[in-house]
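**Q** requesting a structural model of the entry that follows:
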Amino acid sequence: MYCPNCGKEIEKGSKFCKYCGAKIGGGEINVKEKEIQQARETVPSYDAPMMLLR
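**A** Okay, here's the model as predicted:
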């Protein structure tokens, strides 16, 4: 499980992050949110200009 504030790995079931002191709520939901955010960051962007070759 990861802290939603600082991103450090914390013990499952923690109520507060031992690194930054942030309140932790939702348990496994925080892990899923972190995984979703990481997946969004790794999706390639196709907004860059392209050159068509013949």
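**Q** grab the nearest non-local neighbour of the most centrally placed residue in the chain.
**A** Most central residue of the chain, judged by C-alpha distance to the mean C-alpha position with C-alpha atoms, centre = their mean, is Lys34 at 2.7 Å. Computed as C-beta to C-beta, 6 or more residues apart in numbering, the closest residue to Lys34 that is not its neighbour in sequence is Tyr2, at 4.5 Å. For every residue, glycine as well, the C-beta is placed using N, CA and C.
**Q** thinking again about what came up before, pretty sure the residue nearest to the centre of the chain contacts Pro4?
**A** Yes - shown here, Lys34 and Pro4 form a contact pair, counting by C-beta atoms under 8 Å, at 7.2 Å.
**Q** still on that earlier bit, what's the helix or strand for the residue nearest to the centre of the chain?
**A** helix 28-42 (DSSP states H and E).
**Q** Pro49: neighbouring residues, count only.
**A** Pro49 is flanked by 4 other residues according to other C-beta atoms under 10 Å.
**Q** could you look up the SS state of it?
**A** Judged by DSSP: H, G, I helix; E, B strand; the rest coil, the three-state class of Pro49 is coil.
**Q** what comes up buried for stretch 33-40?
**A** Under the neighbour-count criterion of 16 or more other C-beta atoms under 10 Å, stretch 33-40 has Lys34 buried.
**Q** Tyr19 and Arg40, how far apart?
**A** In this structure, Tyr19 lies at 23 Å from Arg40, with C-beta to C-beta, to the nearest Å as the measure.
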